[in-house]
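S.K.: Quick one: sequence and predicted model below, then my questions.
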Amino acid sequence: YFSATINYFLLVMFSIILCVEFIMGNLGNGFIVLVNCMDWVKRRKISSIDQILTALALFRIGTVWIFFLDWWVPVLYSNLWATVMIIRIIYSTYTVINHFSIWFATSLSIFYFLKIATFSNSVFQYLRWRIKIVISGTLMVSLVILFLNIMVINLHIDSCVDEYRGNLSDSSGLSTDVHFFILLSFTISVFTFVPFTVSLVTFLLLIFSLWKHLKRMQHSAKGSRDTSTTAHVKALQTVIAFLLLYAIYFLSFLVQFLTSGFLNGYLIVFLTKAAGAAFPTGHSFVLILGNGKLRQASQSVLWRLRCKSQDSEPSGP
């Protein structure tokens, strides 16, 4: 009875957390898409950075929706979620959306590195002048990893189907099996370790570029806080926020995968889904604060809301 009460309490608590993350994730990423699309219509053109941010925000919205549906549909329509076809569709869809969400964030790190870093190396300069080709090539190469990821996921599903065949409609079936969920989630996370490594390398190279730039500034007896330094710092803040959020996200899967044998299985699932939804939600607000246009637009919206709330307050006698 006590265990059932604890599980119910955890279900309610994490349901509230996931609903808050769902709302905030849609608001944050939707705001990025709206501002960039309005600017696109106004200027009749869209910059490369805005293209990456818009695509990233769209896939992040998809990621948040996947987590939301994956949480509530089994609760409300458990029989629907128990079918192999639905499980295959939901995990394949999540794999695709999560893949592009991570890789567009990595493309953003590459873009900042090529635009802001100050290396005189001929290879770097060659890549810098072909930044659009580099980004497009990165996304094209990532399709190979996506194909392998989907193939491995389907192999896991097939092996689990054979194990649970004839018992898929029960509460202990494939759709609610904790080890099955953790195995697939961890597999998806492992395949996104490559873009994480790429982002980490760009982060370290940006730090090295900033260090070299500050040394040059000291030798030339100029102030260290010039335009290039500011650009380096802002880019580093954006990249490190992505790395930290993703590291927490990845480590949550790793810890839960290693401890799944002796910890409460449902607690593991709750934590995994909460951490998974926090990543695309939190990163959207980091991007808004780190981008001048988005930050200015958000400040304008907040100012208008504040003025409207003050106008709606009843005046005193």
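M.R.: Looks like it came in fine. In this text the structure is predicted, and so the values were computed from the model without any measurement.
S.K.: Tell me the buried residues in stretch 55-75?
M.R.: Judged by neighbour count (16 or more other Cβ atoms under 10 Å), stretch 55-75 contains these buried residues: 55-68, 70-71, 74. Backbone N, C-alpha and C define where each C-beta goes, glycine included.
S.K.: what do you get for stretch 296-311?
M.R.: Buried residues in stretch 296-311, counting neighbours by 16+ other Cβ under 10 Å, are found at 297-298.
S.K.: and what of stretch 14-29?
M.R.: Buried residues in stretch 14-29, defined by neighbour count with 16+ other Cβ under 10 Å: 14, 18, 21-22, 24-26, 28-29.
S.K.: what's the most distant pair in these?
M.R.: By the measure Cβ to Cβ, 14 and 29 form the most distant pair in those, at 21.3 Å.
S.K.: what ranges of the protein fall below the confidence cut-off?
M.R.: Low-confidence segments of the chain (pLDDT under 70): 1-4, 7, 74-83, 160-182, 219-226, 252-269, 311-317.
S.K.: And the strands in it?
M.R.: With DSSP state E as the definition, the chain shows no strands.
S.K.: Need the single longest helix in it, by residues.
M.R.: Longest helix in the chain, counting residues (DSSP state H): helix 2-43.
S.K.: Check which helices and strands it sits against.
M.R.: Applying 3 or more Cβ pairs under 8 Å, 6 or more residues apart in numbering; DSSP states H and E, one finds that helix 2-43 contacts helix 48-76, helix 265-290, helix 292-312.
S.K.: Now distance to residue 34 too, for those, in JSON lines please.
M.R.: Converted to JSON lines, the helices and strands packed on helix 2-43 look like this (distance: least, Cβ to Cβ, whole Å):
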{"stretch": "helix 48-76", "distance to residue 34": "9"}
{"stretch": "helix 265-290", "distance to residue 34": "12"}
{"stretch": "helix 292-312", "distance to residue 34": "9"}
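S.K.: Specify the stretch among those that is closest to residue 154.
M.R.: Among those, the nearest to residue 154 by Cβ to Cβ is helix 48-76 (17.2 Å).
S.K.: The closest one versus helix 292-312: what angle between them?
M.R.: Between helix 48-76 and helix 292-312, the angle comes out at 60 degrees (axes from the mean of the first three to the mean of the last three Cα atoms, to 10 degrees).
S.K.: list the helices and strands helix 48-76 packs on?
M.R.: helix 2-43, helix 78-81, helix 84-116, helix 131-164, helix 265-290.
S.K.: And the longest one, how far out from the chain middle?
M.R.: Going by Cα atoms, centre = their mean, to the nearest Å, the spacing between the C-alpha centre of helix 2-43 and its chain's C-alpha centre is 12 Å.
S.K.: Relative to residue 251, how far out is the most centrally placed residue in the chain?
M.R.: Nearest to the geometric centre of the chain sits residue 280, at 3.6 Å (Cα atoms, centre = their mean). Separation of residue 280 from residue 251 (Cβ to Cβ, to the nearest Å): 17 Å.
S.K.: Could you do residue 129 as well?
M.R.: Counting by Cβ to Cβ, the gap from residue 129 to residue 251 is 38 Å.
S.K.: Repeat that for residue 199.
M.R.: 16 Å.
S.K.: With residue 68 instead?
M.R.: 23 Å.
S.K.: Run a quick neighbour tally on residue 199.
M.R.: 24 (other Cβ atoms under 10 Å).
S.K.: Give the burial count for the closest residue to it other than its chain neighbours, as a bare number.
M.R.: Of all residues not flanking residue 199 in the chain, residue 109 sits nearest, at 4.3 Å (Cβ to Cβ, 6 or more residues apart in numbering). Number of residues near residue 109 (other Cβ under 10 Å) recorded here: 25.
S.K.: pretty sure residue 109 is in contact with residue 240, am I right?
M.R.: No - contact criterion Cβ atoms under 8 Å: residue 109 and residue 240 do not qualify, at 10.0 Å.
S.K.: For these two, list the residues in contact with both.
M.R.: Shared contacts of residue 109 and residue 240, defined by Cβ atoms under 8 Å, 6 or more residues apart in numbering, are found at residue 203.
S.K.: Give the buried residues for stretch 149-160.
M.R.: Across stretch 149-160, burial judged by 16+ other Cβ under 10 Å covers 149-150, 152-153, 157, 160.
S.K.: Need the contact partners of it.
M.R.: 84, 87-88, 91-92, 95-96, 99, 174, 177, 180, 183-184, 187-188, 191.
S.K.: Report the distance from it to the chain centre.
M.R.: 23 Å.
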